[in-house]
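Visitor: Sharing a model prediction with you, sequence too.
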Amino acid sequence: MKQLLGILQDTALFLFTFVRGVYRSLSENKGLAAVSVVLAFGIWIVVIEADNPTRTTVVPHDIPVEPINLSAGVAVVEPVQTVRVRVAAPDDTFEDLTAANFQATVDLDGYTVGTFDEVEVKVEAVGPGTGDVRVEAVLPPQITITLATLISKQVPVIPEIKGNLVSGYTMLAPELDDSTVIVSGPQSEVDKVTQVTAEINVEGLSDDVDQAVRLVARDAQGVLIPGVRLTPDLTNVQIEVEQQKFSRSMAVSVNITDSPAEGYNVISVSVNPPTVTIRGGEAFIAGTASISTRPMSIDGETEDIIRTVSLDLPTGAEVTGGVPVVTVTVRIAPAVGRFVYSVPVSVEDLGEDVAVQGALPSVTVTLEGALPLLSEISPSEITAVVNLEGDGAGTHVIEVDVSAPDGTTLVSAEPSTISITLVGR
């Protein structure tokens, strides 16, 4: 390491001494200075050329030829021959040259329908980095061009879907801005065109498509037809993509809220239709056995209810083949219960020559019926009677006859018989 540092120091000292001497010499002789600059520039060019020499060779790429200045009413019958070029270019530039760095044209100004041999091709280098490129020769320098009468016709545009959406998604039919286009070109080629396709790649997509697509002319077998012009040659395509939906028949459950009036019960609830077919996302359909209605209140109701009620569908779900409503029937009836009453006993057909000794007892009467009706019945509306017809003075055990009000049922009357003492008058 010390030896290397010593060499570097000696070299630097030498260069400093040399440059200082040259500077003094040039200052004293300006003519010599000018000659020295020219010689130095020449040496620099020689050095650069040695480092990056200019190569003259053929670029190994086919260059498409573009016809220009076509007369109205004529079209070029394709394919047009390609050419290559021999160029002179720095070695490092040559390695990067492609067909895109050259523009090849044939000037067809004044040409009409027919086949023309030996049409001169002109090629020039274009694009960045081609300033040092010089075209030496075009291979071949002339080509054959065939011109035909230009015709046009209208052709339908057919969308062509490529690829698959993300699993679980589906798409609606594509919508195109242009349903037809004008195909122009030589009659022999235009006659072959039966359709124009717009290819849309949906591979891996889950979002809507809205993009410009290049149109392609094809024959009835789908083979590409070159050499024709499409107007327009691009069209915009929109495709609506949505999560795939599944369907399943589900039972309808009624969501009843609140309660009927006091003393009334819900006897039954029915729905029409009892089942509906629901379409929705895979997870929802797989994990749901029934679909509920929106809440239906029966607060304070005393009679049957028939209502149209909407289904409570989650976002993204829908009823297939119908509207999302059902008819709900709720049967409401009074609740049945038992009430107990204390009813005084009365007599009938008491003889004129006898009288009842002491006070008559009361009987405990149990009635069954609708609770609203039972709650409104008073003991005076219930009759408990003993018949004394033909009974004379003395003590008698007589059956009590109890009559229940309409709409109720007599469950029991206790006691069912009472002892009555009759005395003469």
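Guide: Thanks, I have the structure now. Numbers count the residues shown, from 1 in each chain.
Visitor: For the residue most central in space within the chain, give its distance to residue 213.
Guide: With distances taken as C-alpha atoms, centre = their mean, the chain has residue 242 as the residue nearest its mean C-alpha position (2.4 Å). To residue 213, residue 242 is 21 Å away according to C-beta to C-beta, to the nearest Å. (Glycine included, C-beta is placed from N, CA and C.)
Visitor: rewinding a little: show the contacting residues for the residue nearest to the centre of the chain.
Guide: Under the criterion of C-beta atoms under 8 Å, 6 or more residues apart in numbering, the contact partners of residue 242 comprise 169-172.
Visitor: Name the nearest of those relative to residue 61.
Guide: residue 171 (40.7 Å; C-beta to C-beta).
Visitor: which residues touch the nearest residue to the closest one once chain neighbours are set aside?
Guide: Taking C-beta to C-beta, 6 or more residues apart in numbering, and ignoring the residues beside it in sequence, residue 171 has residue 241 as its nearest neighbour in space, at 4.8 Å. The contact partners of residue 241, by C-beta under 8 Å, 6+ apart, come to 165, 169-172, 202, 205-209.
Visitor: List the beta-bridge partners for residue 265.
Guide: Taking DSSP bridges, one obtains residue 333 as the residues bridged to residue 265.
Visitor: helices or strands next to the host helix or strand of residue 337 in the packing?
Guide: Counting by DSSP states H and E, the element that carries residue 337 is strand 336-348. Under the contact definition 3 or more C-beta pairs under 8 Å, 6 or more residues apart in numbering; DSSP states H and E, strand 336-348 sits against strand 362-370, helix 371-376, strand 383-387.
Visitor: Residue 113 contacts residue 148, correct?
Guide: Yes: in terms of C-beta atoms under 8 Å, residue 113 counts as a neighbour of residue 148; the distance is 6.0 Å.
Visitor: Have a look at these two and say which one is more surrounded.
Guide: Ranked by neighbour count (other C-beta atoms under 10 Å), residue 113 and residue 148 place residue 148 first, with 19 against 15.
Visitor: Just the CA atoms of the helix or strand hosting that one, as PDB, please.
Guide: Counting by DSSP H and E, the element that carries residue 148 is strand 142-162. Included here for strand 142-162 are C-alpha records, laid out as PDB according to Å, rounded to 0.1, in the frame of the first residue of the first chain:
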ATOM      1  CA  GLN A 142     -37.500  -0.300 -55.100                       C
ATOM      2  CA  ILE A 143     -40.600  -2.400 -54.400                       C
ATOM      3  CA  THR A 144     -43.800  -3.400 -56.300                       C
ATOM      4  CA  ILE A 145     -47.000  -1.700 -55.300                       C
ATOM      5  CA  THR A 146     -50.500  -2.800 -56.400                       C
ATOM      6  CA  LEU A 147     -53.300  -0.200 -56.300                       C
ATOM      7  CA  ALA A 148     -57.000  -1.100 -56.500                       C
ATOM      8  CA  THR A 149     -60.300   0.800 -56.600                       C
ATOM      9  CA  LEU A 150     -61.200   2.000 -53.100                       C
ATOM     10  CA  ILE A 151     -64.600   0.700 -51.900                       C
ATOM     11  CA  SER A 152     -66.400   1.000 -48.600                       C
ATOM     12  CA  LYS A 153     -69.200  -0.900 -46.700                       C
ATOM     13  CA  GLN A 154     -70.800  -0.900 -43.300                       C
ATOM     14  CA  VAL A 155     -70.000  -3.900 -41.100                       C
ATOM     15  CA  PRO A 156     -71.400  -4.800 -37.600                       C
ATOM     16  CA  VAL A 157     -69.100  -4.700 -34.600                       C
ATOM     17  CA  ILE A 158     -69.100  -7.800 -32.500                       C
ATOM     18  CA  PRO A 159     -67.700  -7.800 -28.900                       C
ATOM     19  CA  GLU A 160     -65.300 -10.600 -28.200                       C
ATOM     20  CA  ILE A 161     -64.800 -11.400 -24.500                       C
ATOM     21  CA  LYS A 162     -61.400 -12.900 -23.500                       C
END
